[in-house]
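1. dropping a prediction and its sequence here:
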Amino acid sequence: MIRSWMMRFMAGRYGGDQLNILLIAFYVILYVVYLFTRMVIFELLALILIIMSLYRSLSRDLDRRRGENARFLQVVRPIARRWNTFRSRTHDREHRYFKCPNCGQQMRVPRGKGRITVHCRSCGAVFEEKS
């Protein structure tokens, strides 16, 4: 009964997205900081963030909310991509990564093979590296 009421209530409304998740996460962080410091500014900022998140979730202006989320993702995706690349390379113990001195293309070679000749697939450059 409550579920069907909630589904009818949310029909035509925007709901949640990645930007809302970030707003709620910042809300929780600011509220925890407020609990430890008892500084009113943190409580006010947390309140503003939760109100923004609720407003976005309950909004019926779907195009505007999608545009906001798209702009947010446009900023966040390159940062997330670099972080994921860095994390995967630091955990990869079986390979070494090199940049081609000619075109800058990233290449992966097996670790522990000694001095090897690397051929770039993009520009055809050949150079020697120690793996």
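-> Right, received. Where do you want to start?

2. can you pull the buried residues of stretch 116-131?
-> For stretch 116-131, burial by neighbour count (16 or more other C-beta atoms under 10 Å) applies to 118, 120. For glycine as for every other residue, the C-beta is placed from the backbone atoms N, C-alpha and C.

3. so what touches it?
-> The contact list for stretch 116-131 (C-beta atoms under 8 Å, 6 or more residues apart in numbering) reads 96, 98, 100-103, 105, 107, 109-115.

4. pLDDT (mean, whole number) over it?
-> Averaged across stretch 116-131, the pLDDT comes to 86.

5. next, the distance between the ends of it.
-> With C-alpha to C-alpha, to the nearest Å as the measure, stretch 116-131 spans 7 Å from end to end.

6. work out for me the element the spatially most central residue of the chain sits within.
-> For the chain, the residue nearest the mean C-alpha position is Ala80 (4.0 Å; C-alpha atoms, centre = their mean). Using DSSP states H and E, the element containing Ala80 is helix 62-91.

7. output the contacting helices and strands for that helix.
-> Contacts defined by 3 or more C-beta pairs under 8 Å, 6 or more residues apart in numbering; DSSP states H and E place helix 62-91 against helix 18-37.

8. for the helix it packs on, the distance to its chain's centre please.
-> Here the centre of helix 18-37 is set off from its chain's centre by 17 Å, with C-alpha atoms, centre = their mean, to the nearest Å.

9. also stretch 30-42?
-> Centroid displacement of stretch 30-42 relative to its chain, using C-alpha atoms, centre = their mean, is 26 Å.

10. and what of stretch 80-97?
-> Offset of stretch 80-97 from its chain centre (C-alpha atoms, centre = their mean): 16 Å.

11. just the buried positions in stretch 43-58, please.
-> The neighbour-count check on stretch 43-58 (16+ other C-beta under 10 Å) flags 43, 45-46, 49-50, 52-53, 56-57 as buried.
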